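Asks: sharing a model prediction with you, sequence too.
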Amino acid sequence: MDYLAAAFRAAFELLISFDADLWEIVALSLQVSLSAVLIAALIGLPLGAAVALFSFPGRGGLIVVLNALMGLPPVVVGLLVYLLLSRAGPLGVLGLLFTPSAMIIAQVILVLPIVAALTRQVIEDLWGEYREQLVSLGTSKGDLPLALGLGLVLLLLTLVINAAAEGVRRYAATAPPAARPRTAGGRFEDSILPGRFEQVVYEVGGKRLIDGLDLTLEAGPLSVILGPNGAGKSLTLRLAHGLIRPTGGRVLWQNRKLDGAGRGPRRQAMVFQKPVLLRRSVAANLDYALAVHKVNGAERRRRRAEALERTGLTAYARQAARTLSGGEQQRLAMARAWALRPQVLFLDEATASLDPAATAAIEEIVRAMHAEGCKIVMTTHDLGQARRLADEVIFLNRGRALEQAPAARFFAQPASQAARDYLAGKLVW
């Protein structure tokens with residue numbers, strides 16, 4: 001212990017005496033370490049993102065190699081670098097042995113697999129959370145690696161969605177698109193409606209979850225989809241929005257298919273039961289969605305301000321989105337959708353986790369969007385909410401539409417036994 005104390009004391013004395021040789025060593029160590037981390041990040045971040053987001057020959061082997069390299073002892077790496085850079089080694093002619101460059105190479109070998117492996121793991125963990133929302137907002141498949149990968153903070157590897165891509169979009173998209181014309185009643189003249197399901201089938205693992213669904217979504221009525229658990233309500237919304245593809249039949253908008261790659265007449269938005277918000281401010285969440293749709297400059301600022309005001313979030317514009325309450329987060333999700341001015345808005349159990357006051361606020365926003373001509377298609381388990389909002393009810397059971405009727409008639413005289421049992425509170429399966 002005496003020797004250890006003496007060593008610390010001597011080191012401290014060297015530091016406070018500003019020994020020139022010591023500070024030269026410290027500066028060199030920092031230079032080597034920072035250079036190695038920068039190089040490892042520049043290679044490891046895109047490598048990890050590519051492994052996470054794409055399938056290619058040898059992907060499994062590359063993952064094994066990256067995981068194995070993370071366990072390399074420093075002494076093994078030092079020996080490997082020595083063998084490569086020694087005079088008899090394959091890179092000996094470079095004369096780098098015992099130089100700072102050799103130390104940088106050794107540290108890159110140690111750090112790069114850690115950066116790549118952790119980047120891959122973070123993106124894969126977040127992929128399920130963000131994929132549907134990004135596609136819903138209109139992010140193309142080519143943008144997804146940027147959207148999920150470029151926002152990783154260097155050492156903490158915290159995802160910030162699409163910071164680099166947004167800058168590219170701001171530069172490339174210089175003119176806001178003209179507003180789509182509407183009629184005096186608020187309807188879109190170039191409407192994508194009606195939407196049609198034609199004998200749509202959706203199977204997973206040989207199990208048919210949607211079974212020959214025929215359905216037409218007309219402009220005008222606010223449509224509420226009801227049915228027991230497992231009836232296919234959420235799947236119907238995802239099929240309609242193009243987040244998943246049917247395994248049989250067709251989903252048509254404007255007599256054109258809308259597939260899971262986002263091709264076809266999008267002009268839609270979707271709000272999920274759990275708000276999926278980017279790790280940005282409230283205002284920046286709207287800015288991202290508008291940038292994806294190439295709305296820029298004064299038009300973007302106007303739409304953002306309008307959507308925040310209509311949803312009561314103006315005072316929270318600069319606040320981090322994820323620090324909002326549950327009801328406020330869902331209002332932000334609605335504001336983000338409203339700013340895009342969709343012709344069709346899908347709401348998947350949007351108030352299921354909210355208290356009565358927050359639910360009332362969301363319902364008010366839904367009514368306002370509907371009054372402006374936006375077609376609302378929503379799922380809910382709350383029969384009271386369905387009675388308050390629905391113009392028409394679509395009743396699903398076992399992946400089929402058993403009824404599609406005006407709300408008043410459905411609640412007064414349901415046509416199917418399954419619907420009668422459902423309204424009576426009986427178990428339906």
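Replies: That came in fine, so what should we check first?

Asks: walk me through the domains of the chain.
Replies: 2-167, 197-281+319-423 (automatic domain parsing).

Asks: deepest of those, which one?
Replies: domain 197-281+319-423 (a mean of 19; mean count of other Cβ atoms under 10 Å). All C-beta spots, glycine's among them, are computed from the backbone N, C-alpha and C.

Asks: any idea how far that one is from the chain center?
Replies: On the basis of Cα atoms, centre = their mean, to the nearest Å, domain 197-281+319-423 is displaced by 19 Å from the centre of the chain it belongs to.

Asks: and the domains of the chain, which one's lowest on average pLDDT?
Replies: Here those differ in mean pLDDT, and the lowest is domain 2-167 at a mean of 73.

Asks: dump the domains of the chain into TSV; add distance to Ala291 as well.
Replies: Converted to TSV, the domains of the chain look like this (distance: least, Cβ to Cβ, whole Å):
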stretch	distance to Ala291
domain 2-167	5
domain 197-281+319-423	11
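
Asks: select, out of these, the one closest to Asn296.
Replies: Distance to Asn296, taken as Cβ to Cβ, is lowest for domain 2-167 among the domains of the chain, at 10.6 Å.

Asks: I'd like the distance from the closest one to the chain centre, please.
Replies: Worked out by Cα atoms, centre = their mean, domain 2-167 lies 26 Å from the chain centre.

Asks: start to end distance for stretch 391-402?
Replies: 17 Å (Cα to Cα, to the nearest Å).

Asks: for Lys294, find the nearest of the domains of the chain.
Replies: Of those, nearest to Lys294 by Cβ to Cβ is domain 2-167, at 9.4 Å.

Asks: which residues of the stretch 1-150 of the chain fall in strands?
Replies: Using DSSP state E, counting those that start in this stretch, no strands are found in the stretch 1-150 of the chain.

Asks: what segments of it are helices?
Replies: Listed in chain order, the helices of the stretch 1-150 of the chain (DSSP state H, counting those that start in this stretch) span 2-16, 20-53, 59-69, 74-85, 100-137, 144-149.

Asks: right, and those - which one's nearest Arg420?
Replies: Nearest of the helices of the stretch 1-150 of the chain (Cβ to Cβ): helix 100-137, 34.1 Å.

Asks: what packs against that closest one?
Replies: helix 20-53, helix 59-69, helix 74-85, helix 144-149, strand 268-271, helix 282-292 (3 or more Cβ pairs under 8 Å, 6 or more residues apart in numbering; DSSP states H and E).

Asks: next, format the helices of the stretch 1-150 of the chain as JSON lines and append distance to Met334.
Replies: As requested, the helices of the stretch 1-150 of the chain are exported to JSON lines (distance: least, Cβ to Cβ, whole Å):
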{"stretch": "helix 2-16", "distance to Met334": "57"}
{"stretch": "helix 20-53", "distance to Met334": "29"}
{"stretch": "helix 59-69", "distance to Met334": "39"}
{"stretch": "helix 74-85", "distance to Met334": "53"}
{"stretch": "helix 100-137", "distance to Met334": "13"}
{"stretch": "helix 144-149", "distance to Met334": "22"}
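
Asks: figure out which of those helices is closest to Ala289.
Replies: helix 100-137 (4.9 Å).

Asks: setting aside sequence neighbours, what's the nearest residue to Ser223?
Replies: What sits nearest to Ser223 in space, not counting adjacent residues and going by Cβ to Cβ, 6 or more residues apart in numbering, is Val377, at 4.8 Å.

Asks: now do the SS call for that neighbour.
Replies: For Val377, the secondary structure call by DSSP: H, G, I helix; E, B strand; the rest coil comes out as strand.

Asks: and it, bridged to which residues?
Replies: Bridge pairing for Val377 (DSSP bridges) gives the partners Ser223, Phe346.

Asks: and it, how far from Arg341?
Replies: 16 Å (Cβ to Cβ, to the nearest Å).

Asks: now Leu91
Replies: Taking Cβ to Cβ, one finds Leu91 at 59 Å from Arg341.

Asks: re earlier: Leu215: which of the helices of the stretch 1-150 of the chain is closest?
Replies: helix 100-137 (20.1 Å).

Asks: need phi/psi at Leu427.
Replies: Dihedral pair for Leu427: phi -70, psi 130, per degrees, to the nearest 10.

Asks: do Gln254 as well
Replies: phi 60, psi 30.

Asks: pretty sure it sits against Arg196.
Replies: No - using Cβ atoms under 8 Å, Gln254 and Arg196 do not qualify as a contacting pair, with a distance of 10.1 Å.
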